[in-house]
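Peer 1: Kindly generate the corresponding structure for this input.
(4 chains)
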There are 2 protein chains.
Amino acid sequence: MHDKPQPLIEIGLTAAIVAVEGDEPHILIAGDSARQDGQPALPYGPFDPLAHRTFEIGLRAWVEAQTGLRVGYVEQLYTFGDRGRHSRPGDTGPHVVSIGYLALTRVPDKADTLEATGAAFERWYRFFPWEDWRGARPRILDETILPLLEEWAGHSEQAEPGRPLSRRARLRLCFGLGGSPWDEEKVLERYELLYEAGLVEEARRDGREAALARASLPKLGQPLRFDHRRILATAIARLRAKLKYRPVVFELMPEEFTLTALQRTVEAISGRHLHKQNFRRLVESAALVEPTGATSTATGGRPAAVYRFRREVSEERPAPGLRLGGRG
Amino acid sequence: MHDKPQPLIEIGLTAAIVAVEGDEPHILIAGDSARQDGQPALPYGPFDPLAHRTFEIGLRAWVEAQTGLRVGYVEQLYTFGDRGRHSRPGDTGPHVVSIGYLALTRVPDKADTLEATGAAFERWYRFFPWEDWRGARPRILDETILPLLEEWAGHSEQAEPGRPLSRRARLRLCFGLGGSPWDEEKVLERYELLYEAGLVEEARRDGREAALARASLPKLGQPLRFDHRRILATAIARLRAKLKYRPVVFELMPEEFTLTALQRTVEAISGRHLHKQNFRRLVESAALVEPTGATSTATGGRPAAVYRFRREVSEERPAPGLRLGGRG
DNA sequence: TCAAAAGTGTTATCCTTACACCCATGT
DNA sequence: ACATGGGTGTAAGGATAACACTTTTGA
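Peer 2: Residues are numbered from 1 along each chain as shown, chains lettered A, B, ... in the order given. Alright, predicted model coming up:
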């Protein structure tokens, strides 16, 4: 028995804090205190309705307190209530409902406060190696993931009860098989399919039997604690989608940048290669940026013109974003 | 003092349950028990993590228990935690966090169970008269809403602190002024602007002073209890958007229907008139439907071919929906 | 025979995609 | 001089928007 009554439900805010550094997208991983069991975790804080009027205010407050980071853009993703996915078997604590948030920030100049708390940015493709198509089609797909998923899907075209589509059809759609194109926005659907097939560690940890009779299964990407990899998948998917109709990239860019740097950032997030000329035309015709007049010789070759984001676009165009178009 | 410890936070699930009847979109309004103060409310139920594994299961359960209705499609909308918007001044109960859900259903043949509970479907444009552009531009806009909002926006082009855009710019974008087109998906943005300006009753009820010095302000649409009109606005916006890339309309249609009936339903939801020929071509070229062979003479005039939804499209096309295009 | 609603064919226009080529700098 | 990355023009193809017109029924 406790002195204070234990609340039945606790609201937790979990943040996927994104920054892009050196053409690689990163997310903030919480300090060691949250890393028991060797499983990294996203920054997490309980929501106290008495201290903070809204979720967003609460989130900004504890992110800054925990990491010294002032995040810019913040957006709610989804609220997860799956019991089996958060608590362990035999767990008796309060039921935790986690509200996932996406936050964007520029990479901080001095990471002092970050280091002090043990928090650090990590490449997000460590957690989703099959999502990075910038170079070539990721080898892990054909070498590991697809054979296992094909086996799981079997040869049945029959839909399962409660599901409109068969395993096979879902596999085709999520992973772009048999004529379907790869859709970089289906990050969550792909992760959920792997979870359902028992191929990600989180699924086995949550008590789901591996659907395949195997002595050992390969590790598909670095797992995260609780349902944090699912939240990260949601965050990546949302960011990849939002890029196309809202000027959110600029939250991740420095004040001034070259068009190539902008393209590299968009490519890093969307995980695919883009057509240079069309990208430039798109950006300039949408009037998203304006030249500062300066040039940069940082990369070698012909100096590049330096641009800045035109904040006024939000007032002019109804949906200013970067419609990436078909293929690079 | 209570025998049982009172939980600090309670999770409430609030459902916007949509059906289309007679070319009019409706939402389910809860029975009289929830209608004290004369303010209608959406169906609402607390989430009990011990009884239900996920939010969605919990939602389906109490919706059926309360109204006898079996909903088909269910989708989470947003989680609202705004204290000022849910509890009254002086309220001391548990803090309620409401998770909004969108649910689609066909209009039930026999409304017995509905009537028994006092729940009833009501036209959703009663709550948002300015969102129905099917006939003409709604008169309430030019006669009431825009003059008041213009006054609120004043003549300042200055952005407010913490806001990237000026009141005037936001007004222009949300309500399609000065060259900007009317975007039927901005339902929530428009409602929030009216709330901020103190022009909807909910704002005044929540303790927000009317921003305009007026003896009396006109009633803009029927208010709902708590933050339910905000949840409804979110639901309408989401549904209007989703229509364009997922075949969700068919959740609202009977098994068999004519193309005109389908068009009327899409128009009812999106609140705008569509071009007949292009709509038909779109639907048929997307292979969303197939003819049953039968014809219907229900409407007078030449008999219409009867169609049914082709469920297989979900397996074929990556994003089967109805891209409505520019204007009707 | 006429009104009402269903259904078809065709054209102009814009946007996307792709290709080919020229420019400016450092080594 | 040449490699490297920056920057521009223009044509082909497809999707969309808009038009006019024919067909089939009931009253």
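
Peer 1: For residue B:169, see how far away the residue nearest to residue A:157 when sequence neighbours are not counted is.
Peer 2: Once flanking residues are discounted, residue A:157 sits nearest to residue A:166: 5.0 Å by C-beta to C-beta, 6 or more residues apart in numbering or on different chains. For glycine as for every other residue, the C-beta is placed from the backbone atoms N, C-alpha and C. Here the criterion is C-beta to C-beta, to the nearest Å. By it, residue A:166 lies 49 Å from residue B:169.

Peer 1: ranges for the strands of the stretch 51-200 of chain A?
Peer 2: A:74-80, A:95-104, A:120-123 (DSSP state E, counting those that start in this stretch).

Peer 1: Mind putting the ones you listed into CSV with mean pLDDT and distance to residue B:21?
Peer 2: As requested, the strands of the stretch 51-200 of chain A are exported to CSV (pLDDT from 0 to 100; distance: least, C-beta to C-beta, whole Å):
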stretch, mean pLDDT, distance to residue B:21
strand A:74-80, 96, 31
strand A:95-104, 92, 35
strand A:120-123, 93, 52
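
Peer 1: ok and the residue in the stretch 101-250 of chain A nearest DNA strand C?
Peer 2: residue A:244 (9.9 Å; C-beta to the nearest atom of the strand).

Peer 1: Tell me if I am right that that residue is in a helix.
Peer 2: No - counting by DSSP: H, G, I helix; E, B strand; the rest coil, one finds residue A:244 to be coil, located in no helix.

Peer 1: Neighbour count for residue A:166 and residue B:169, which is higher?
Peer 2: A side-by-side neighbour count of residue A:166 and residue B:169, using other C-beta atoms under 10 Å in any protein chain shown, places residue B:169 first with 21 against 17.

Peer 1: Quick check: chain neighbours aside, which residue is closest to the more buried one?
Peer 2: Distance criterion C-beta to C-beta, 6+ apart; nearest residue to residue B:169, sequence neighbours excluded, is residue A:315 at 4.3 Å.

Peer 1: my guess is that neighbour meets residue B:167, correct?
Peer 2: No - the criterion here is C-beta atoms under 8 Å, and residue A:315 misses it with residue B:167 at 11.7 Å.

Peer 1: Break chain A down into its structural domains.
Peer 2: Chain A breaks down into these domains under automatic domain parsing: A:9-126, A:133-221, A:246-316.

Peer 1: neighbour count winner among residue A:315 and residue B:167?
Peer 2: Each of residue A:315 and residue B:167 has its neighbours counted (other C-beta under 10 Å); residue B:167 has more, 23 against 19.

Peer 1: Report the distance from the helix or strand where the residue nearest to residue B:169 lies to the chain centre.
Peer 2: Residue A:315 is part of helix A:313-316 when elements are defined by DSSP states H and E. Distance of helix A:313-316 from its chain centroid, counting by C-alpha atoms, centre = their mean, to the nearest Å, is 27 Å.

Peer 1: Using PDB, write out every CA atom in that helix.
Peer 2: In PDB, the C-alpha atoms belonging to helix A:313-316 read as follows (Å, rounded to 0.1, in the frame of the first residue of the first chain):
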ATOM      1  CA  VAL A 313       5.300  31.700 -48.800                       C
ATOM      2  CA  SER A 314       3.100  30.500 -45.900                       C
ATOM      3  CA  GLU A 315       1.000  33.600 -46.600                       C
ATOM      4  CA  GLU A 316       0.900  33.200 -50.300                       C
END
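
Peer 1: Do any residues in that helix lie close to DNA strand C?
Peer 2: No - Helix A:313-316 lies out of reach of DNA strand C by C-beta under 7 Å from any atom of the strand, never closer than 14.4 Å.
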